[in-house]
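[1] build me a structure from this.
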Amino acid sequence: MSPVSDQTDPQARLYYAHDPMCSWCWAFSPCWQQIQQRLPRTVEVVRLVGGLAADSSEPMPLEMQTFLQQTWRQIQARVPGSEFNYDFWRRCSPRRSTYPGCRAVIAARHQQAESAMTLAIQQAYYLHARNPSDESTLVALAQELGLDVSQFTRDLNAALTRQTLLSEIVRCREMGAQGFPSLILEQQQQRWLIALDYSDPEAALSQIVQCMEEPGCP
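    This next block holds a predicted model:
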């Protein structure tokens, strides 16, 4: 697909609303990588963390653990190639708490490593049975990514980071994000929710180009 124009200044923004511990976001990750690589150069990507579950020190109820494991199996059936390490439920002490992972993404953003941290959290959680709800895991990931760990640790729970997370949660809702992941294209004060196909990046790319070329499209 050729770019919409040769200009490098962004004409549109594509908002990616996600949570690094969202299993559907993990399933969408390969497709999302391809979408980003093939986007018109005039589209600026803006990532927003949506915060699925607030901070909690309480163990995850068994009913929720069962539900999430069932969700993993549903994803594997629907999205070929999706990998999950079910040892997580045996090795770790699950908590329904994704805000720490979201704050880690924001903290890594300060070091230009937002996407890298998101992927590191996903791989730690879904492939290596490590718990991103634990700060120790997040700090270890920052070290593995080669970040300034002292800065990352300060930023992780800084007041500004916490406020940024809350602001992005509100923004996701105001922009019409329907669960995670969501893609929302914005151009000339118009917004379109982009339908997702978890196996075909062309489906989203075609919608994006169509909306940019035909602003009146649904």
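
[2] can you confirm residue 56 is in a helix?
    No. If the criterion is DSSP: H, G, I helix; E, B strand; the rest coil, then residue 56 is coil and not within a helix.

[3] that one: neighbour count?
    Other residues lying near residue 56 total 14 when counted by other CB atoms under 10 Å. Every C-beta, even on glycine, is put in place using the N, C-alpha and C of the backbone.

[4] just to check, it is in contact with residue 93?
    No. Using CB atoms under 8 Å, residue 56 is not in contact with residue 93; the gap is 11.9 Å.

[5] overlap in contacts of those two?
    Shared contacts of residue 56 and residue 93 (CB atoms under 8 Å, 6 or more residues apart in numbering): none.

[6] what's the neighbour count on residue 178?
    By other CB under 10 Å, 9 other residues sit near residue 178.

[7] any idea how far it is from residue 105?
    Using CB to CB, to the nearest Å, residue 178 is found at 21 Å from residue 105.

[8] give me the low-pLDDT residue ranges for the chain?
    1-10, 215-218 (pLDDT under 70).

[9] rerun at 90
    Along the chain, the parts satisfying pLDDT under 90 run over 1-11, 178, 188-189, 212-218.

[10] residue boundaries of the strands in it?
    Ranges of strands within the chain are 12-18, 43-49, 182-187, 190-194, based on DSSP state E.
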